[in-house]
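>>> give me a model of this one.
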Amino acid sequence: MRMALRPLAPRLLTALICASLALGAGAQDSVRLPDLGSSANALISPQEAQEYGASMLRQMRALNMVVDDAMLDDYLNDLGYRLVAGSDKPKDHFSFFIVKDDVINAFAAPGGYIAVNSGLIDITRSEGELAGVVAHEIGHITQNHLQRAFEASKKDAPLMALVLLGAIAAGAGAHAGDAAGAIMMGGQGLLMQKQINFTRKDEVEADRVGIQTLSNAGFDPNAMATFFERMQDTMRVGSGGDRDVPQLLQTHPVTLTRISDAKSRADALIALQKQRPANSTLVKNQWDKSTAPIPFVKDTTALTQQGSSKADPDKKELDAYSLMRERVRVLAGDSTQLSTYYASSFAAPIAEKRREFDTPANHYGYALALTRSGRGGKAIDELQPLLTTHPSNQILQLALADAKFQAGQRVAALSLYAELNTLSPRNRATALAYAKALIDGGSKADATQAADMLRPMLDNADEPDLYRTYAQASDKAGEPVRAGEAYADASYLSGHPFDAMEQLKRLLTRSDLDYYARARIQSRISDLTPLVMELRKRKVQTEDNPDGRSQQPLQNPGTACAGRLCFGLEPAQR
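Residues are numbered from 1 along each chain as shown. This next block holds a predicted model:
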């Protein structure tokens, strides 16, 4: 029986992430940033940094802190890599994901891992604003700010990620709340103090390179200043409503000087862009919505009906960003409560508020909430008018297929899934939904079709849901070994290495393994063994660690491991 985590853990861990990984506030402007040169790589190599980031993401998944959704993952990563292509280091590794937390914040982690909280996406008003935040975090990575912070704190801890990873290890224990709180009090203050001499300069530099990245990627370079200016307004009396001061403003302080500098730099870039010849090889500025691309999938199939709002002024604008913002709201929240929220907002007693809320994106969000709360039939009613206006929008079509399947209209849903999969065969969101529908109530042939469809997507994939669905399809298709391997991969990616190891060991005992299957399984076990042995050696208590299920309290709550590297807080810091 697995131990349940206390409800406080995800919010506390998010706070620890922000404290230990986001580059925060309060430095002296006169401090000069050191030119570390190769010393940064001597402290932590790019491969080790990537292992840290990947380990952090897996452990956050174990605590249900990540919004894992193929559609949102593709949207955010397409947006992120569009920005990376315009950055100083377009060939570096980056990965973007959404944290399930309504706190307004974003942070950069080792290895190019950049997280955006669901709460931040919820309050953005344009894709440019979201891109501005992501570009700022990319700037922290490309300018080696994390390495500089690590260099400053290496006498106290090998990495500032120590606090985060230690809290995650403690968070899985029986005394999670007390242990994580102790770590927060003992480690956060020290690490924030070590950061303080660098952060103001880092923020200014991240702004500068971020605005340049925005412009290079075809976004309005003013978007960053616009977003932070609106965030500053939340701190003024009466402007913030019942929200607390955003965490983003605590770790990324906004001043009038900083906003003014950002606007000046953006205006200069716009002026420069206007002077370039029309046939310039640089990326064209595309913040004019008539020409802006709508990133969503990795193939070139357009998922939204572009230009419809210009063709008919009465049709409200519909773009991928507005739909994805509502999708984040629904997937990160309580579907039943949100369906009530949407319904009451559409029926608001004040006509002006009703009209303001009556947008395609909000109807899409309402339909998602209805489907996820078991009311697919009503969701169909919400989606049909939208598809009448936007018949070629594949995001809406996929939502309709999901609603039909939930409502028991399996044949109609499968037909729509098949059509969408033909239009966009590399679209993971469509493939996963289609595969799940084929598996649920389908035949062995349906399961084989689902497995064949998902297998090519497994190369270099790190999404647990993809492996889990492939495992279910393989199992039903009569391929138990393939299913077992995929289940183990899903467990590992979900932050459960001990479960993954046990599953792989059980697979080795099967008598029907051929040479190739046995070699694959043994290779996986060899890869996992160092991590599992180190976790046991350090007596790190994790949810799936058999040694951690005893009634003994967590012996070293400040210890955590990531890949080949492990750390522990000194007793005086606990």
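
>>> which stretches in this structure count as strands?
In the chain, the strands defined using DSSP state E lie at 95-99, 106-109, 113-117, 559-562, 565-568.

>>> tell me the mean pLDDT over the first one?
Model confidence over strand 95-99 averages 96 on the pLDDT scale.

>>> contacts for that strand?
14, 17, 53, 57, 60, 65-67, 69, 72-73, 76-77, 79-80, 111-118, 121, 134, 328, 332 (CB atoms under 8 Å, 6 or more residues apart in numbering). For the C-beta atoms, the positions are set from N, CA and C on the backbone; glycine is no exception.

>>> also stretch 343-353?
So stretch 343-353 is contacted by 354, 357, 358, 362, 366 (CB under 8 Å, 6+ apart).

>>> closest one to residue 211 out of those residues, please.
Ranked by distance to residue 211 (CB to CB), the contacts of stretch 343-353 are led by residue 362 at 31.2 Å.

>>> ok, now which ones touch the closest one?
Counted by CB under 8 Å, 6+ apart, residue 362 has contacts 326, 342, 345, 346.

>>> against residue 335, how distant is it?
To residue 335, residue 362 is 15 Å away according to CB to CB, to the nearest Å.

>>> then residue 498?
Taken as CB to CB, the span from residue 498 to residue 335 is 32 Å.

>>> residue 126 too?
Relative to residue 335, residue 126 is positioned 26 Å away (criterion: CB to CB).

>>> one more: residue 139?
Going from residue 139 to residue 335 by CB to CB gives 36 Å.

>>> which one's more surrounded, the two?
Neighbour totals were compared for residue 139 and residue 335, and residue 139 leads with 25 against 17 (other CB atoms under 10 Å).

>>> next up, the contacts around the residue nearest to the more buried one when sequence neighbours are not counted.
In space, and not counting its chain neighbours, residue 139 is closest to residue 206: 3.6 Å by CB to CB, 6 or more residues apart in numbering. Residue 206 sits next to 23, 136, 137, 139, 140, 143, 145 when contact means CB under 8 Å, 6+ apart.

>>> please redo it, this time with the cut-off set to 6 Å
Contact analysis of residue 206 by CB atoms under 6 Å, 6 or more residues apart in numbering lists 136, 139, 140.

>>> just residue 492 next, same as before
Counted by CB under 6 Å, 6+ apart, residue 492 has contacts residue 500.

>>> so where is this structure shaky, pLDDT-wise?
1-43, 148-199, 233-317, 540-541, 546-574 (pLDDT under 70).

>>> according to the record, where do the domains of it fall?
Domain ranges of the chain: 8-274, 334-411, per automatic domain parsing.

>>> residue 414: neighbour count?
Count around residue 414 with other CB under 10 Å applied: 18.

>>> gap between it and residue 442?
9 Å.

>>> one more: residue 382?
27 Å.

>>> which one's more surrounded, the two?
The residue with more neighbours, out of residue 382 and residue 442, is residue 382; 24 against 19, by other CB under 10 Å.

>>> residues in contact with the spatially closest residue to that one that is not a sequence neighbour?
Closest residue to residue 382 apart from its sequence neighbours, by CB to CB, 6+ apart: residue 367 at 4.1 Å. By CB under 6 Å, 6+ apart, the residues touching residue 367 are 379, 382, 383, 399.

>>> and if we set it to 7 Å?
Counting by CB atoms under 7 Å, 6 or more residues apart in numbering, residue 367 touches 379, 382, 383, 399, 403.

>>> so where do the helices sit in the stretch 1-150 of the chain?
In the stretch 1-150 of the chain, the helices defined using DSSP state H, counting those that start in this stretch lie at 8-21, 39-43, 46-62, 70-84, 118-123, 127-142, 145-153.

>>> and the longest one, what does it pack against?
To tie it back to what came earlier, the one meant is helix 46-62. The elements that helix 46-62 packs onto, with contact taken as 3 or more CB pairs under 7 Å, 6 or more residues apart in numbering; DSSP states H and E, are strand 113-117, helix 161-171, strand 559-562.

>>> give the buried residues for that helix.
48-62 (16 or more other CB atoms under 10 Å).

>>> so which of those comes closest to residue 387?
Out of these, the member with the shortest distance to residue 387 (by CB to CB) is residue 61, at 33.6 Å.

>>> ok, the closest one touching residue 490?
No - look at residue 61 against residue 490 with CB atoms under 7 Å: they stay out of range, at 10.3 Å.

>>> which residues are common contacts for the two?
With CB under 7 Å, 6+ apart, residue 61 and residue 490 have common neighbours residue 464.

>>> double-check residue 416 against residue 399; I have them as touching.
No - here residue 416 does not reach residue 399: they are 10.3 Å apart, not a contact under CB under 7 Å.

>>> so those two - more neighbours on which side?
More crowded of residue 416 and residue 399, by other CB under 10 Å: residue 399, with 26 against 22.

>>> if I read this right, that one contacts residue 368, doesn't it?
Yes - at 6.4 Å, residue 399 counts as touching residue 368 under the criterion of CB under 7 Å.

>>> if I pick residue 484, what's in contact with it?
503, 507.

>>> any idea how far residue 532 is from it?
18 Å.

>>> and if you look at residue 115?
Counting by CB to CB, the gap from residue 115 to residue 532 is 26 Å.

>>> please save the CA atoms from the longest helix anywhere in the chain in CSV.
The single longest helix within the chain, with elements called by DSSP state H, is helix 515-537. Provided in CSV are the C-alpha atoms of helix 515-537 (Å, rounded to 0.1, in the frame of the first residue of the first chain):
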residue,chain,number,x,y,z
TYR,A,515,17.4,-13.0,-26.9
TYR,A,516,16.5,-9.4,-27.9
ALA,A,517,13.9,-8.9,-25.2
ARG,A,518,16.2,-10.2,-22.5
ALA,A,519,19.0,-7.9,-23.7
ARG,A,520,16.7,-4.8,-23.6
ILE,A,521,15.5,-5.6,-20.1
GLN,A,522,19.0,-6.3,-18.8
SER,A,523,20.2,-3.0,-20.3
ARG,A,524,17.4,-1.1,-18.5
ILE,A,525,18.2,-2.8,-15.2
SER,A,526,21.9,-1.8,-15.6
ASP,A,527,20.9,1.8,-16.2
LEU,A,528,18.6,1.9,-13.1
THR,A,529,20.9,0.0,-10.7
PRO,A,530,23.3,2.9,-9.7
LEU,A,531,20.4,5.2,-8.9
VAL,A,532,18.5,2.6,-6.9
MET,A,533,21.6,1.5,-5.0
GLU,A,534,22.5,5.1,-4.1
LEU,A,535,19.0,5.9,-2.9
ARG,A,536,19.0,2.8,-0.6
LYS,A,537,22.5,3.7,0.6
